[in-house]
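Enquirer: 3D model of this:
(chains A and B)
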Amino acid sequence: MGKTAFLTDATICIGCKACEVACKEWNEVPEDGLVWSGLSYDNTKALGHSTWRHVMFLEQPQIAGPQISDMQNPFRWVFLSDVCKHCANAGCLEACPTGSIVRTEFGSVFVQKDICNGCGYCVVSCPFGVIDRRPDDGRAFKCTFCYDRQKAGLVPACAKACPTQSIQFGDLDELKQRGKDRVQELYKRGYEDARVYDPQETSVGGVHAMFVILGNPEAYNLPPAPEVPTVHLKSAWTSALISAVVLIVIVCAAFAIR
Amino acid sequence: MSTPPKPKATEQRLDEIREVAASNANNPAAVPAFGEPHARDGRESYYGLPVLKAPTWTWEVPLYFFFGGIAGVSACIAFFAHLFHADPALVRMCLWVGLIGAAICPVLLILDLGRPSRFLNMLRVFKIQSAMSLGVWILVAFSGCTFFAVLSFELLLRGFSPSFLIPLLWLAEGSGAVMGLLLASYTGVLIGATAIPVWSENHKLIPAHFLTSGLGCSAGILELAGFLIPATQIIGFAATGIETLVGAVLEVHKKSVDGPLHHGRSGWTLRIGGILEGPVALVVRIFWGSLPIGREVAAICFLVGALLSRYAWIWAGHASGQDPEVLFQLQRKS
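Expert: Okay, here's the model as predicted:
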């Protein structure tokens, strides 16, 4: 099996949350708060330890594309199902000190829950704020990319349940191309701010969960230039080394002076 | 998970709503409502919700950083003091501080785990790119070194001296010094190499800051234990001097990402801690450094300040990343 991927298309999503329900049921993810947020139809607010698919509801004062452009109160309602990005260079995987987080044969990033000891270092190492520690359980959880289903040759639960094919699952390279083609098509139809979100040019080096979005990634709380935190290691250790040398000089001087 | 601030239901708020509505009678959309469709404050983020997850670390981690710093630098001082033929009582004291620290640190680390019973899973792998994995191995090696150093030192003190004991002491002390410096500094690298903006943007400063504060604390403990010798005075001066500089740099060089270092609980804790470790300890040392009480006060100021600073840095990490707009600005700049 080659590298697999998600392509989640905001221009097709109808905000039905079937993906959230399917994910919760298939993966036996516990309930994580039944609250009214007051933020459009979004009551889960963000991905987390017990929300592995999260449907966003953006309400924007602008036209969607081919809408009548001189309307008085332009408005568009955009939906997008967010998910773990399964980064090519994953901060959580690099950080994990137990080897609980691994790269699977499908290219996805998987947390082995029988090994995680809940150190919490992956939580601060994810540039997308995806993985989190479940307080009552103590371990870290995130989307598994339905590793069990993929092993059995099945499509991930969210993609299978999606009624509009907004969540597409398939070969990574094929979906990359499909994303580009889709944006081209959207341009032609007048959606001039359509784009693919796949941060290739930063240290993250691309993702296995790409998105077709309208407008800026910031509006979807997708960081415009995410970096894998290990890029700071070299200069941090250099600083530690220089400081250690200075410290040794101070200590030696202190004990050499009589 | 924080949401945008909900206006408090007060009489004033009702008046405010009526006034806005009355002055814009022909535009019903003029009244700003909580959770309204369009942001009016120019925010770009998704309802102002945080992009990043806050650290899960609680009180154990900063305390671990504090004790790790003291233990590590003490072991380093032990080696160099021994090398320069300093008072054997001082060397012994330093070695014991190192060993006691090495005993406390794992307890704090294990307490912080979500699944403490699985702490041994840390030793399944060795990952050079994970500062957490490296740190655990550093702690293990440090414990071993200080254990053998203390053991051979105590045996020699009691007149038990087989030929291998002196080389063993030097080996254990020397490697303990290296591991100690790593133990005192890796914690800075650990939080520097994360996605939390206030930590990663200061990833060069934090290791230096933590090492210096470990140095001053170790000297302070020696002074409080009665070693009021020139060496501890010199180290005390150097550490307070550098910490004063660090505090000044943080106050003068204000970046938008450093908000949690200046405001709120973390900001004030860092400021108070920094003033205690830096200017206060320095002034006490300059004016009353010739008196034993002056040096003891300076030592206590430094220790308290260092402890507060460690908490402040972790709290700053909790506050940082709560504001998505700061994160976006930062990423677009680079």
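
Enquirer: rest of the way, CA atoms for contacts and neighbours
Expert: Fine.

Enquirer: which secondary structure element contains residue 213?
Expert: Answering for chain A, as no chain was given. Under the criterion of DSSP states H and E, residue A:213 resides in strand A:209-214.

Enquirer: wrong one, I was asking about chain B
Expert: Here residue B:213 sits within helix B:205-224, counting by DSSP H and E.

Enquirer: alpha carbons of that helix, as PDB, please.
Expert: Extracted as PDB, the C-alpha positions of helix B:205-224 are listed here (Å, rounded to 0.1, in the frame of the first residue of the first chain):
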ATOM      1  CA  LEU B 205      17.600  32.700  25.700                       C
ATOM      2  CA  ILE B 206      15.900  30.000  27.900                       C
ATOM      3  CA  PRO B 207      18.800  27.500  28.100                       C
ATOM      4  CA  ALA B 208      21.200  30.300  29.000                       C
ATOM      5  CA  HIS B 209      18.800  31.700  31.600                       C
ATOM      6  CA  PHE B 210      18.100  28.300  33.100                       C
ATOM      7  CA  LEU B 211      21.800  27.400  33.400                       C
ATOM      8  CA  THR B 212      22.700  30.700  35.000                       C
ATOM      9  CA  SER B 213      19.900  30.400  37.400                       C
ATOM     10  CA  GLY B 214      21.000  26.900  38.300                       C
ATOM     11  CA  LEU B 215      24.500  28.300  38.900                       C
ATOM     12  CA  GLY B 216      23.400  31.000  41.200                       C
ATOM     13  CA  CYS B 217      21.100  28.600  43.100                       C
ATOM     14  CA  SER B 218      23.900  26.100  43.600                       C
ATOM     15  CA  ALA B 219      26.200  28.800  45.000                       C
ATOM     16  CA  GLY B 220      23.300  30.100  47.100                       C
ATOM     17  CA  ILE B 221      22.800  26.700  48.700                       C
ATOM     18  CA  LEU B 222      26.500  26.500  49.400                       C
ATOM     19  CA  GLU B 223      26.500  29.900  51.100                       C
ATOM     20  CA  LEU B 224      23.400  28.900  53.200                       C
END
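
Enquirer: same for that helix, what does it pack against?
Expert: Contact partners of helix B:205-224 among helices and strands, from 3 or more CA pairs under 8 Å, 6 or more residues apart in numbering or on different chains; DSSP states H and E: helix A:233-256, helix B:60-83, helix B:88-112, helix B:165-192, helix B:230-252, helix B:292-319.

Enquirer: what residues sit buried inside the fourth one?
Expert: Translated: helix B:165-192. B:165, B:168-192 (16 or more other CA atoms under 10 Å in any protein chain shown).

Enquirer: and the residues you listed near chain A, which?
Expert: With the criterion set as CA under 8 Å from any CA of the partner chain, the members of the buried residues of helix B:165-192 near chain A are B:181, B:185-186, B:188-189, B:192.

Enquirer: reformat those residues as a markdown table; add pLDDT and distance to residue A:60.
Expert: What follows is those, written out as a markdown table (pLDDT from 0 to 100; distance: CA to CA, whole Å):
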| residue | pLDDT | distance to residue A:60 |
| --- | --- | --- |
| B:181 | 98 | 53 |
| B:185 | 97 | 47 |
| B:186 | 97 | 45 |
| B:188 | 97 | 42 |
| B:189 | 97 | 41 |
| B:192 | 97 | 36 |
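
Enquirer: now the stretch 1-150 of chain A, which segments are flagged as low pLDDT?
Expert: A:1, A:68-70 (pLDDT under 70).

Enquirer: please list the residues of it that sit near chain B.
Expert: Residues of the stretch 1-150 of chain A lying near chain B (CA under 8 Å from any CA): A:38-40, A:45, A:58-61, A:94-99, A:115-121, A:123-133, A:135, A:137-139.

Enquirer: ok so, going back, what's in contact with the strand holding residue A:213?
Expert: With contacts defined as CA atoms under 8 Å, 6 or more residues apart in numbering or on different chains, strand A:209-214 is touched by A:5-11, A:78, A:80, A:83-87, A:176, A:179, A:182-183, A:191, A:193-198.

Enquirer: put together CSV for the helices and strands packed on helix B:205-224, with distance to residue A:52 on each row.
Expert: Output for the helices and strands packed on helix B:205-224, formatted as CSV (distance: least, CA to CA, whole Å):
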stretch, distance to residue A:52
helix A:233-256, 29
helix B:60-83, 28
helix B:88-112, 25
helix B:165-192, 26
helix B:230-252, 39
helix B:292-319, 22
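
Enquirer: which residues in chain A form helices?
Expert: Using DSSP state H, the helices of chain A run over A:18-27, A:91-95, A:121-125, A:147-151, A:157-161, A:172-188, A:233-256.

Enquirer: measure residue B:138 to residue B:312 for me?
Expert: For residue B:138, the distance to residue B:312 equals 24 Å [CA to CA, to the nearest Å].

Enquirer: swap in residue A:241?
Expert: Distance from residue A:241 to residue B:312, by CA to CA: 24 Å.

Enquirer: pick out whichever of these two has more residues nearby.
Expert: Taking other CA atoms under 10 Å in any protein chain shown, residue A:241 and residue B:312 do not tie; residue B:312 has more neighbours (25 against 17).

Enquirer: contacts only, for that one.
Expert: Residue B:312 sits next to B:261, B:265-267, B:269-270 when contact means CA under 8 Å, 6+ apart.

Enquirer: who wins for most neighbours among those residues?
Expert: That'd be residue B:270 among the contacts of residue B:312, by other CA under 10 Å, with 28 neighbours.

Enquirer: that one sits in which helix or strand?
Expert: Here residue B:270 sits within helix B:264-275, counting by DSSP H and E.

Enquirer: for that helix, packing partners?
Expert: In terms of contacts (3+ CA pairs under 8 Å, 6+ apart), helix B:264-275 is packed against helix B:230-252, helix B:259-262, helix B:292-319.

Enquirer: list of residues touching that helix?
Expert: B:243-244, B:247, B:259-262, B:304-309, B:311-313, B:315-316, B:319.

Enquirer: gap between the two ends of stretch A:110-125?
Expert: Start-to-end span of stretch A:110-125 (CA to CA) is 15 Å.

Enquirer: ugh, wrong one, I meant stretch B:257-265
Expert: Taking CA to CA, stretch B:257-265 runs 16 Å from one end to the other.

Enquirer: separation between the nearest residue to residue A:92 once chain neighbours are set aside and residue B:183?
Expert: Among residues not flanking residue A:92 along the chain, residue A:122 sits closest, at 4.2 Å (CA to CA, 6 or more residues apart in numbering or on different chains). Applying CA to CA, the value for residue A:122 to residue B:183 is 21 Å.
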